[in-house]
Every structure is written in C-alpha cells, then in structure tokens.
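Novice: I'd like to go over a predicted model; first the sequence, then the structure.
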Number of protein chains: 2
Amino acid sequence: MALATIESRTEGAAADGRKPRRKSDLLDTRFDRRLATLLEHAARIFCEKGYEGASMRDLSRATGMSLAGLYHYFESKEELLYLIQKHTFRTIIDQLKVKLEGPSGAEDRVRTFIENHLEYFLANKEAMKVLTHEDETLKNAAGAEVRAIKREYYGICLDLLEDLRRAEGLQFSSRLAVLSLFGMINWIYTWHNPRVDADARVMARQMGDIFLRGVLSPSRPQRKSLRAKS
Amino acid sequence: MALATIESRTEGAAADGRKPRRKSDLLDTRFDRRLATLLEHAARIFCEKGYEGASMRDLSRATGMSLAGLYHYFESKEELLYLIQKHTFRTIIDQLKVKLEGPSGAEDRVRTFIENHLEYFLANKEAMKVLTHEDETLKNAAGAEVRAIKREYYGICLDLLEDLRRAEGLQFSSRLAVLSLFGMINWIYTWHNPRVDADARVMARQMGDIFLRGVLSPSRPQRKSLRAKS
DNA sequence: ATGTCTATCGAACGAACGTTCGGTAACTTT
DNA sequence: AAAGTTACCGAACGTTCGTTCGATAGACAT
C-alpha cells in the first residue's frame, strides 16, 4: 500500500493525480536536491549503525532538520531505505550498461563488469554497504521491487559469464561462478581500507585475474589424491 | 565491565570466586544445556530478524520462558550475541585445527580449509550468518575478543596461502587472495539453497577449483589489450 | 524442620522508538 | 492585499524496547 505513494513520488510527477505544476520546476529540483542530501546522510547513518539500529532522531541530528520536518520529504523510515537501495542499484546498472555498449570480447566484458562494480562500490561505499548489508530488510512491495532490480543485475553478470563460457568452449557451473564472483566483489565492504588497499582499477585487475584464470584454466590433474572418492 | 562476568561465566567455574560446588556437576550441566538451547533459539532469531531487529520478547516467545526468566542465563542481549559468536568461531577453528593436524601438501591444506569452512557453515547456517552478518555489532571488550578470534582464523588461512605460494614458487598478493577467498565462502549465506545447490563437499571442491586455479595459474598473455594502460 | 540455593514468574520501569498533529513563517500566485 | 502552497517546527502520542524487582515453589543441605 505504501508502494503506490512511493512510486508516484519517484517515477515522474506527471503521472500522479495532482494538478499540473504551474511553478517553474526549480522548486521541484529544490525538493529533489534537499531529498538527495537527506538520502546521503541516511545512507551514512544506516551504514554505520545498521537500518534497525539507526533512528530518525539520528538523521534529524545529522541533518539539522527537525524530526517532524523530515517527514515532509518521505513518509516512512522504510521508504528511506527503499529510495537509497533503488537509486544505488539503478545507478550502478545504468553505468554498467553504458560501459558495455561498445563491442568487445567476452573476457573483456566480464572484466568491465568487475571494474564497474568495484569502482562504484569504492566511490559509494556507504550506499553500497546499505544495499548489500540490508539485503533482506525490506519486505512487501518495496522489497520485491529492489529484489527484481537485483535479479536484473545478477542476470547481466550471468549472461556475460555464459557468453565467455561459450566463447572459450569450456564447462563450468555458471551459477556457482556468478555467485563466487559476487562474493569476491561484494565482500569488499567488510575489509577495504583506502589507506592500505589499492584503488578500484587495480583491484578489479587482480580479482579479475584470480576469478578468470580460475574459471578459464583447464582442470589440471590433481597433484595428490583429493581424499577418498569412489 | 560486563566482560569480566562474561568470562567468569564461560571460562570454567573453578576459576571464579565462588565457593567450591558441592553438588554434583549435573546441575552445572543442566544449566549449560538449558543455556545452549537458549543460544540455539537466539541464533535462529538473530539470523531471521537481525540482532537489532530481534527482541527479548521474541526469544521469550520462542523458548516458552518468561522474559524475566531469560536473564537467569545471561545478563544482557549483548552477551547473548557474544556467546553465540564466540562459541561458533571457536568451534570452527578447533575443528579446522584437528583436520590440519596430519602432514599434507600445501594445496590440499587450503582445500581442507575451504571444505571445513563450508561444511561447518552449511551445517550451522544460522549461527554462521549471525557471526558473519553481525560482524561489527559488538562494541568494547566483547567485540574486541571476537575480533581477535577472527584475526586468528584469518591468520591461519593467510599462513596456508603463503605456504602454498612458496611451495609453488608463485607471486600473488596473499592479502587479496585471502580476502577474495573469504568473500567467496562467506557470501554463501546470502544464496545457498539446499534444494538446488550441492552439498558442502561438492561446493568446496568447485570453489576450491576456481580459487586455486586462479591463484596458481601463471598469468597468461592477454588475448586482447586490457584497455589503455601505458 | 529450617535455611539456602536454583529456576522461574508477573508486573512494572524508564527510555527510546516511528510517527502524527496543529501551528507558523516565508514565499507564490492571483 | 488576499489566498494558497511549501517548508519546516515543538510537542506529543502510543508502542515497544531491554532490563529489574519482588515473589514463589521446589530441591537440597544441615
């Protein structure tokens, strides 16, 4: 039930039932800009204390806006999380699609995927941690919508890997490959330290090496018996 | 301050300041057994709703024990999380050490690590998700202790990988390798479905293949130029 | 039989939570 | 100048939270 409002708010003002706006859309963008900075603060707070652990009073304190004033920009704490997750996911997907537009080899395309993910992840650590960590937090319609976007992202990666598998004439479980890759590149939010770790470009190169060699190498004969089997 | 109590409770009753127990230790084990089942229920609830989202009333309902009665077995919700995390981590490490006792090749030892991790993970999904997901939740002394155990576990894996690197005369960043591996094997809690995915043994084999080939393969010449670089 | 210890409970406490209400001051449109 | 809209606020509401208090009933020791 909340989703209807959510969607009308975020999917273009022209579609909803209100009167046509006569003022310049400057006011519209002022609203949007203010909302955007609220979302930024919220992402930081959700990142630091977790969604459940964060309070509206935390956000009020961080933004200097009164508790009641916040509700002028969204209608619930849940919608806050929804807006953060949806925007973050859409942005990373849109950015990826642009980078995949030109023709390129199957391996390069997978490397582009990894690089795009890590670049966006490290440039938007807080929002990406909220996206990753609060994966199962949203329920109902809003949760379903975010989960659908996630499936789209997963599907793109799966397609890239299956293209690669076909191009190289190899055999491996695409599902396991995607999920292993996602593990590698998502887990990063638990450990990456910009003062000791390389930047996104370099790390995409290194992780891409590990993953792609692992997936592309022919299975070499086991040096030793791998435990009793058959 | 809470940690002192926590430690005296969990590190053997003989060391604390109480009178020597005259009753048979049957009562002691009854207490411990009851506590253990409470911890099991708590792990399931923390797993389902997250630590912050779970309430003591949830635990009371799930166990059939009154809200007040729970506090006979631990002194705070925080200690509950601490006990779950500490016990889970210690058990997986102890189990690993046993399996690593015999002499074996460097690669097999890494495979043993992966297999042990996945086996324990899938056999104790709930506790392991709580361990993984509520990584940064505990603060102060209890948090520091769990973090120290985690560092021990990380260190074991790092040593195994450096042994392997030396044995094979290869060059790769051990830090990145460990953390990539941890990503692969920890991320599993977000997707593993026993009805569609293989069991721990098989998955350890497959993930081990990807990871080890990736780390062990010599860097093959790039088929295509990898973007403009130099 | 009496006193101590263990396990448990109903009821309550104060704090914090997400959210709402009624108002106000500034700005826009008429 | 009047009317309407937008952007906010202080104060409160009802709920839920983690935790504590005082009591009780059985088990065990003296």
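Specialist: Everything's here; your move. Numbering: from 1, shown residues only, chains lettered A, B, ... in the order given.
Novice: how near is the residue most central in space within chain A to residue A:124?
Specialist: The C-alpha lying nearest the average C-alpha coordinate of chain A belongs to residue A:89 (Cα atoms, centre = their mean; 4.0 Å). For residue A:89, the distance to residue A:124 equals 11 Å [Cβ to Cβ, to the nearest Å]. Using the backbone N, CA and C atoms, a C-beta is placed for each residue, glycine as well.
Novice: what's the weakest-modelled helix or strand in chain A?
Specialist: helix A:2-10 (a mean of 41; mean pLDDT, DSSP states H and E).
Novice: now name the helix or strand holding the residue nearest to the centre of chain A.
Specialist: Applying DSSP states H and E as the criterion places residue A:89 in helix A:77-99.
Novice: for the lengthiest helix in chain A, buried residues please.
Specialist: Counting by DSSP state H, the longest helix found in chain A is helix A:140-168. For helix A:140-168, burial by neighbour count (16 or more other Cβ atoms under 10 Å in any protein chain shown) applies to A:142-143, A:145-146, A:149, A:153, A:156-158, A:160-161, A:164-165.
Novice: could you export those residues as CSV, including pLDDT and distance to residue B:173?
Specialist: Below are the buried residues of helix A:140-168 laid out as CSV (pLDDT from 0 to 100; distance: Cβ to Cβ, whole Å):
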residue, pLDDT, distance to residue B:173
A:142, 97, 40
A:143, 97, 37
A:145, 98, 39
A:146, 98, 34
A:149, 98, 33
A:153, 98, 27
A:156, 98, 28
A:157, 98, 24
A:158, 98, 28
A:160, 97, 25
A:161, 97, 24
A:164, 96, 24
A:165, 95, 27
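Novice: go ahead and confirm residue A:210 touches residue B:180.
Specialist: Yes - the criterion here is Cβ atoms under 8 Å, and residue A:210 meets it with residue B:180 at 5.6 Å.
Novice: need the overlap of contacts for the two.
Specialist: Taking Cβ atoms under 8 Å, 6 or more residues apart in numbering or on different chains as the criterion, residue A:210 and residue B:180 both touch A:184, B:211.
Novice: enumerate every residue touching residue A:80.
Specialist: So residue A:80 contacts A:38-39, A:42, A:46, A:59, A:74 (Cβ under 8 Å, 6+ apart).
Novice: ok, these vs chain B, which is closest?
Specialist: residue A:46 (11.4 Å; Cβ to the nearest Cβ).
Novice: and stretch A:92-102 with chain B, contact?
Specialist: No - Stretch A:92-102 is not in contact with chain B by Cβ under 8 Å from any Cβ of the partner chain; minimum separation 10.7 Å.
Novice: so how far is stretch A:85-102 off the chain centroid?
Specialist: 9 Å (Cα atoms, centre = their mean, to the nearest Å).
Novice: ok, residues contacting that stretch?
Specialist: By Cβ under 8 Å, 6+ apart, the list of residues contacting stretch A:85-102 reads A:10, A:39, A:109, A:112-113, A:116-117, A:120, A:124, A:127-128, A:130-131, A:134, A:138, A:145-146, A:149-150, A:152-153, A:156.
Novice: intersect those with the contacts of DNA strand D.
Specialist: The subset of the contacts of stretch A:85-102 lying close to DNA strand D, counting by Cβ under 7 Å from any atom of the strand, is empty.
Novice: quick one, phi psi at residue A:196?
Specialist: phi -110, psi -30 (degrees, to the nearest 10).
Novice: report how many residues lie close to it.
Specialist: For residue A:196, the tally of surrounding residues (other Cβ atoms under 10 Å in any protein chain shown) stands at 8.
Novice: likewise for residue A:212?
Specialist: Count around residue A:212 with other Cβ under 10 Å applied: 21.
Novice: kindly report the same for residue A:194.
Specialist: Residue A:194, neighbours per other Cβ under 10 Å, totals 9.
Novice: OK, contacts around it?
Specialist: Applying Cβ under 8 Å, 6+ apart, the residues near residue A:194 are residue A:122.
Novice: now name the helix or strand holding residue A:211.
Specialist: helix A:200-216.
Novice: ok, and what's touching that helix?
Specialist: Residues contacting helix A:200-216 (Cβ under 8 Å, 6+ apart): A:107, A:110-111, A:114-115, A:117-119, A:121-123, A:161, A:164, A:168, A:170, A:172, A:177, A:180-181, A:184-185, A:188, A:197-198, B:172-173, B:176-177, B:180, B:209-215, B:217, B:219-220, B:226.
Novice: just the buried ones from the residues you listed, in ChimeraX syntax?
Specialist: Buried members of the contacts of helix A:200-216, defined by 16+ other Cβ under 10 Å, are picked up in ChimeraX with:
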select /A:107,110,111,114,115,117,118,119,121,122,161,164,172,177,180,181,184,185,188,197 /B:172,173,176,177,180,209,210,211,212,213,214,215,217
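Novice: quick one: stretch A:60-69 near DNA strand D?
Specialist: Yes - using Cβ under 7 Å from any atom of the strand, stretch A:60-69 reaches DNA strand D at A:64-69.
Novice: so which of those belong to helices?
Specialist: Short answer: these in helices (DSSP H) are A:67-69.
Novice: up against DNA strand D, what does chain A have?
Specialist: Near DNA strand D, when you scan chain A using Cβ under 7 Å from any atom of the strand, you find A:27, A:30-31, A:34, A:64-69, A:72.
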